[in-house]
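Student: Predicted coordinates and the sequence they were generated for:
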Amino acid sequence: MSKFNDKMTLIERLINTIAPPIFNRFLSKYEFKSFRPPYSSIDIPSLDSMSSFIFTNSNPYIDYPRPTIEKNVQIGGISVDIDKLKNEKVNEEWNEILNLRSKTVLVSFGSVMLSKDMPLENK
């Protein structure tokens, strides 16, 4: 959430260090719920250590270098066949959503969820 780049002054580094705890303290947290009864709350940070892989939308060739662990799989930069996409049609539900406006931007940040909490049709 910082506006600073990778070449920071000492003051910018200090701000960058103290800002996340302040934001975490005063901003409300999003609550994740299970898709299955009893629809209990899922604590994502406590499940991080149990996950086999974490997929991140970053490209290791153009991203800033940083240490990572083996479970972090960078999937950014995956090639897409544009001609094939232009020839394919979306289903009715998405067609209605996309036709509400002349231009639409879809942003998907992904999710971290255990497969046991997913509905069968999504698996």
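Tutor: Received the coordinates, thanks.
Student: Just give me the neighbour total for residue 12.
Tutor: By other C-beta atoms under 10 Å, 14 other residues sit near residue 12. No exception for glycine: its C-beta is placed from N, CA and C like everyone else's.
Student: Could you verify that it is part of a helix?
Tutor: Yes - Residue 12: assigned to a helix according to DSSP: H, G, I helix; E, B strand; the rest coil.
Student: Quick one: residues contacting the closest residue to it other than its chain neighbours.
Tutor: In space, residue 12 comes closest to residue 4 once its chain neighbours are excluded; the distance is 4.6 Å by C-beta to C-beta, 6 or more residues apart in numbering. Neighbour list for residue 4: 12, 15-16 [criterion: C-beta atoms under 8 Å, 6 or more residues apart in numbering].
Student: where does residue 111 land on pLDDT?
Tutor: Here the pLDDT value assigned to residue 111 is 66.
Student: Could you do the one 3 residues further on as well?
Tutor: The pLDDT attached to residue 114 in the predicted structure is 72.
Student: you'd agree it is up against residue 47?
Tutor: Yes - the criterion here is C-beta atoms under 8 Å, and residue 114 meets it with residue 47 at 6.5 Å.
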